[in-house]
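Colleague: predicted model, plus sequence, below.
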Number of protein chains: 4
Amino acid sequence: MIIMEKDATQEQIKYVVDEVKKHGLRADISRGEFRTIIGLVGDESRISFAHLAALPGVKEARMVETPYKLISREYSELFEGKDESHVIEVGDVKIGGDEPVFIAGPCAIESKAQLFRIAEEVKRAGAHVLRGGIFKPRSSVHSFQGLGSLGSEEATEALTWLHDAGQRFGMPVITEVRGESQVDLIAEYVDILQIGARNMYHQDMLSRIARKGKPVLFKRHFGASVEELLSFSEYIAAEGNKDIILCERGIVPVGKGKSYTRYTLDLAAVPVVQKETYLPIIVDPSHAAGRRDLIYSMSCAAIAIGASGLVIEVHYNPAEALVDAQQMITPSELGRVIETCKQINRVVAAGKKKVIAA
Amino acid sequence: MIIMEKDATQEQIKYVVDEVKKHGLRADISRGEFRTIIGLVGDESRISFAHLAALPGVKEARMVETPYKLISREYSELFEGKDESHVIEVGDVKIGGDEPVFIAGPCAIESKAQLFRIAEEVKRAGAHVLRGGIFKPRSSVHSFQGLGSLGSEEATEALTWLHDAGQRFGMPVITEVRGESQVDLIAEYVDILQIGARNMYHQDMLSRIARKGKPVLFKRHFGASVEELLSFSEYIAAEGNKDIILCERGIVPVGKGKSYTRYTLDLAAVPVVQKETYLPIIVDPSHAAGRRDLIYSMSCAAIAIGASGLVIEVHYNPAEALVDAQQMITPSELGRVIETCKQINRVVAAGKKKVIAA
Amino acid sequence: MIIMEKDATQEQIKYVVDEVKKHGLRADISRGEFRTIIGLVGDESRISFAHLAALPGVKEARMVETPYKLISREYSELFEGKDESHVIEVGDVKIGGDEPVFIAGPCAIESKAQLFRIAEEVKRAGAHVLRGGIFKPRSSVHSFQGLGSLGSEEATEALTWLHDAGQRFGMPVITEVRGESQVDLIAEYVDILQIGARNMYHQDMLSRIARKGKPVLFKRHFGASVEELLSFSEYIAAEGNKDIILCERGIVPVGKGKSYTRYTLDLAAVPVVQKETYLPIIVDPSHAAGRRDLIYSMSCAAIAIGASGLVIEVHYNPAEALVDAQQMITPSELGRVIETCKQINRVVAAGKKKVIAA
Amino acid sequence: MIIMEKDATQEQIKYVVDEVKKHGLRADISRGEFRTIIGLVGDESRISFAHLAALPGVKEARMVETPYKLISREYSELFEGKDESHVIEVGDVKIGGDEPVFIAGPCAIESKAQLFRIAEEVKRAGAHVLRGGIFKPRSSVHSFQGLGSLGSEEATEALTWLHDAGQRFGMPVITEVRGESQVDLIAEYVDILQIGARNMYHQDMLSRIARKGKPVLFKRHFGASVEELLSFSEYIAAEGNKDIILCERGIVPVGKGKSYTRYTLDLAAVPVVQKETYLPIIVDPSHAAGRRDLIYSMSCAAIAIGASGLVIEVHYNPAEALVDAQQMITPSELGRVIETCKQINRVVAAGKKKVIAA
């Protein structure tokens, strides 16, 4: 990759391109608003980067290979000359800004009464966005798959409840799209479309959801590297939709013997992603833990490491939930989580500024 | 496992044991200071736990299997009637108490001057314990293996420096024991003996180090489950040494493509370990990250999730370090980490109390 | 789970059910063609399995939990009294029988000429089924996604070529369905529908494909345990389609440092799956290796461990392939693989019989 | 790395070195028996490999980085001009030659009678080397640790039995060294020293064992990449001992849910290792499977993929073994394994030759 100076002339660019071709490589020219970048295609050992870097108009020449560009902080800076993190606005809620955002609600919507009661209580506890599962991905075909799976009437009814609960309590709403056939229906009712971990690699669905033009919550697959998470979010960005909220929710445990949590929460992925891309990233402690007694600690850690928010499953009576009963916390516990996390966020941000100043 | 009531009589115990034998199982009787526990050996499906639980003097009867007992919070509670976390005192430093402890120093000790300068600067930054590598485990036989590997004279000299630096700046000192043959020598000079991740499974060395009677810093292997970490710390406890400081330092990355960190820091292991055992657990962000720019965030998260302290590699000029140059931070950065972490610790502890009160 | 004797009477069943209820558990009765099984729902520690096993008409009573039943060898045996492995017939080809089946063809179909030439050559080399990718799942949105992704006309054309090549050279054909929207179209043209590793967890698509009533090649996800592979194939079986060919194609590499293959081929999954289910399982060495020089060895091992066949990517000139060029072998190499594998299959089968006889 | 022609002159070498230095890099000169290689240290982007390759006397110039050299096939070829695989001779047994070698015996030696009976029976079944554990690494301190752990008298006695059984039945013997303190003692009695998976990273022990000058069986750690296995075997080779038999025995399972085997046997590591190094590699199916019913299939696959041999745990009555009872096979089953494996080896070797000829 050869990065040209901002004020490189057409002659200089042409000269570099010719030089590249002379060595038997192809030159791919990308002209950004800000500067031009020339990609080399072919055997790069045939050319000296030191030599290229010395040509007039060249800012930098180096070996590079990245499977993501559109969402890349580096490319954004190079092409468009901007380095700001992307703040996604959904109604009054800002995701990726200075304050962490809390998305809460039941794992699965079971009835209108259940949803409205939880919505009211999580709002009071300080939540900003209401979540609720309608189409539930499940490991066993013999388990409850959510109201949405019962038929189109039940699906529409549950979506209406979700929409109405959001309106009533003043929160944007989000639900997971489990399959392509649900995209159009769900997009009519919700503010943010969620792509679950299991569908991270499902490129056709990614593209289709992206085209709805609504913000997307995009969860990392439990077998995926950070690089893959970013490469696949590029499928969404490629449709012109950059309102992507990334989400870390744990990767498969490694090793013999018990790990005591359902997945391994890879919290360091948060600052890593923030350095690689301008997109916000949030954390889902509920699915990573799979047990309620770790949610408080894991939430504190997620915010301390810099996450832009949390998705937490909440139920007024976890024991009676149809799905994932063991990992839900109560609205009152949520209140404590939110309160403590906001304080941690301020402490960390203040400390960060000092580091920069030192 | 059958847990007897505290005031169960010998007759009641005998009756239960006979009942167990009648069903063709063996009964292992463990008499603690506090109560008696009867373990069943054999095919447990031949007996009804409900039936056993109903016998006089029986508090609880249930299926259970654990590879660790001596360090287990549950067993400690059952046997000895106590549930407090273990606070390890090394000089004036308390590990496992209310305040997080910071262990800092160079990856490898390179010279007396280097060590003393770093010791002075980390002390000023707020560190409590001085670390410094003398015998370095390395992936390549062709890399620098630490001063200790050069010969017995160099090893002794480096150990003397470490000891003296600790004395001079008022910090207990710690270094890693890489092989059994170094145990006796190192134990003469340091306050805490470190067992590195690669040696977690090395039971002969564990026993030998344990017998020195000094506190042990015991790091989780990067391929080990939490259950294995606990099972192997049992080798130390079995020698009568319960001054074990556990340490999470990252597990092997999973997945295709880049993870951008050297290991995956499994921070949820911290609260999990705290629920399973009364031993303190600290975190090493330096080796997990393998890069300096994540240390601040990862440290904040580790303390937020409840770690009793941190081990951080520090150098006044990271670029010139002989080992792991890319992951060391400066003493001034360490100061900011410590200051912020202390605040986070207070915020989280306060929030935790509120949760309990609610 | 309580397994009743084949000739258990209604009274005996009722008695057992009442006994279960008396202890506060629910009894789920499954009546197979062959016998009745009673599942217990609730706290199983409240009842003695030894007691249940002693009731009249009860063959066996034990604790059990399985997320798959329909495809389970054990359930099949219990319910339907049969234990044979399932042989799937596609035209003249038998998958899961005594002879291994070889599925071969290009990674991606690039043109009619390319496909027909490869089809002719793999047929001559001994292949039984022709494969060819039309909708290619890719990690990067910027890579070639197969002819099918160019538009509906190109997709239909490529499907027609595949269908015609199969007819011309006398082989059933198979291609991957990447998204739900392609199911109907593809099912018109091919004999076997392939669900790629990335879509293993995509339950909506699984159900939809299953309903086409055609044999399905179902690949294990690279982050999935064997248990999950089996649980998700249950989604296909639940639609009444048991013509499922399972496929092992490698799981994510573990550990720091190079593994030298793209994925870790978990060959022991083959005999494990064969013990758990009556479905056939084949192996895809091409994607697991990601390099051509290991295909011969890995193929030999796959057949030696008992796989019912192989899927291998073939090109007459691997270097010019648009996708996965580095992992394709030539038709002539395929011939040697097939010839050797057939001999290995005979040797292993003969040895297995001796073991049983001993 | 710059590889000089075999007949490169001193002037040519000097010219290249000067050219390297001119660009600000350091040149490390390695003179083999066969040719000279110049390693570049520093920022390699400052120089053009194409330019270097064009200098007189230069055979090849390319970017390269390898943590192992002494055991590397490539280096061996470059330096010493030889490419043959290393055949290790222990008594009459040749490991790494045309015929697979079978190492068999009990997991743990329990008594003289037990060992002698098993030795006699495995010999009759066709085994070449006798194994037997004396110092057993165990996950739980509360489990049986082998006779060697009971005291020095018991250790010596068990070693004498092993030695005598080998003499009596004409087989070289092997046992695992669990800790450094056992090296000298064990080396007196056995022909091959085994380094278990858990000790793979234990460099001090590796060096110490290597210096005994006896062949070493070196097992891959269950969390290690192939690259790490090779890097650490370099510790043995660095002591001048190249009689290293590598061993694949399974890596940690990945994923949620059951894998049904104790570890994931990474069989593709066999041909990979054979391409990277001239050392022989064998396979241990017993520990990978952890269950007896897979040993036959996994053994067949290991030989089919090219392993130079197998280590298999055998007991005349597996059920009564003190350690790993569930994974041992009988001598009669071993006979069938050996017989079938020898046939597979011939079939695969013949097929391989045909591939080369085609």
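Modeller: That came through fine.
Colleague: residue ranges with poor pLDDT in the stretch 251-358 of chain A?
Modeller: Residue ranges of the stretch 251-358 of chain A with pLDDT under 70: A:355-358.
Colleague: what about 50?
Modeller: In the predicted model of the stretch 251-358 of chain A, residues A:358 satisfy pLDDT under 50.
Colleague: leaving out the residues flanking it, which one is nearest to the single nearest residue of the stretch 101-250 of chain A relative to chain C?
Modeller: At 1.9 Å from chain C, A:G223 is the closest residue in the stretch 101-250 of chain A, using CB to the nearest CB. In this view, the C-beta of every residue, glycine as well, is placed from N, C-alpha and C. Spatially, and ignoring its direct neighbours in sequence, A:G223 is nearest to C:G223 (1.9 Å; CB to CB, 6 or more residues apart in numbering or on different chains).
Colleague: wait, what's in contact with the one you found?
Modeller: The contact partners of C:G223, by CB atoms under 8 Å, 6 or more residues apart in numbering or on different chains, come to A:221-224, A:252, B:254-255, C:251-252, D:254-255.
Colleague: tell me which element it falls in.
Modeller: Taking DSSP states H and E as the definition, one finds C:G223 inside no helix or strand.
Colleague: does A:E176 touch A:G196 like I think?
Modeller: Yes - in this structure A:E176 lies within contact range of A:G196 using CB atoms under 8 Å: 5.0 Å.
Colleague: which residues are common contacts for those two?
Modeller: A:P137.
Colleague: the more surrounded of those two?
Modeller: Between A:E176 and A:G196, counting by other CB atoms under 10 Å in any protein chain shown, A:E176 is the more crowded of the two (25 against 22).
Colleague: for that one, list the residues it contacts.
Modeller: A:E176 makes contact with A:133-137, A:194-196, according to CB under 8 Å, 6+ apart.
Colleague: make a markdown table out of those residues and add secondary structure, distance to B:S48 and pLDDT.
Modeller: What follows is the contacts of A:E176, written out as a markdown table (DSSP: H, G, I helix; E, B strand; the rest coil; distance: CB to CB, whole Å; pLDDT from 0 to 100):
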| residue | secondary structure | distance to B:S48 | pLDDT |
| --- | --- | --- | --- |
| A:G133 | strand | 38 | 96 |
| A:I134 | coil | 42 | 96 |
| A:F135 | coil | 42 | 95 |
| A:K136 | coil | 36 | 91 |
| A:P137 | coil | 38 | 90 |
| A:Q194 | strand | 46 | 98 |
| A:I195 | strand | 48 | 98 |
| A:G196 | coil | 42 | 97 |
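Colleague: which one of these is nearest to A:E80?
Modeller: Closest approach to A:E80 among those (CB to CB): A:I195, at 25.8 Å.
Colleague: how near is the nearest residue to the closest one once chain neighbours are set aside to A:G97?
Modeller: Nearest non-adjacent residue to A:I195, counting by CB to CB, 6+ apart: A:F218, 5.1 Å away. As judged by CB to CB, to the nearest Å, A:F218 and A:G97 stand 19 Å apart.
Colleague: ok, these two, which is more surrounded?
Modeller: Taking other CB under 10 Å, A:F218 and A:G97 do not tie; A:F218 has more neighbours (26 against 15).
Colleague: give me the sheet partners of the helix or strand that contains the more buried one and which way each runs.
Modeller: Using DSSP H and E, A:F218 sits within strand A:216-219. Next to strand A:216-219 in the sheet, as set by DSSP bridges, lie strand A:192-195 (parallel), strand A:244-248 (parallel).
Colleague: what's the first helix or strand after the first one?
Modeller: Same thing as strand A:192-195. Under the assignment DSSP H and E, the closest C-terminal helix or strand after strand A:192-195 is helix A:203-210.
Colleague: and stretch A:230-246, how far out from the chain middle?
Modeller: Centroid separation between stretch A:230-246 and its chain, computed with CA atoms, centre = their mean, to the nearest Å, is 9 Å.
Colleague: and the helices in chain A?
Modeller: Along chain A, the segments classed as helices by DSSP state H run A:10-22, A:49-53, A:73-80, A:112-125, A:152-169, A:183-189, A:203-210, A:226-237, A:269-276, A:285-289, A:295-304, A:331-357.
Colleague: from the strands paired with strand A:216-219, which stretch is densest packed?
Modeller: Among these, strand A:244-248 has the highest mean neighbour count (mean count of other CB atoms under 10 Å in any protein chain shown), at a mean of 26.
Colleague: measure how it sits relative to helix A:226-237, angle-wise.
Modeller: On the basis of axes from the mean of the first three to the mean of the last three CA atoms, to 10 degrees, strand A:244-248 is oriented at 160 degrees to helix A:226-237.
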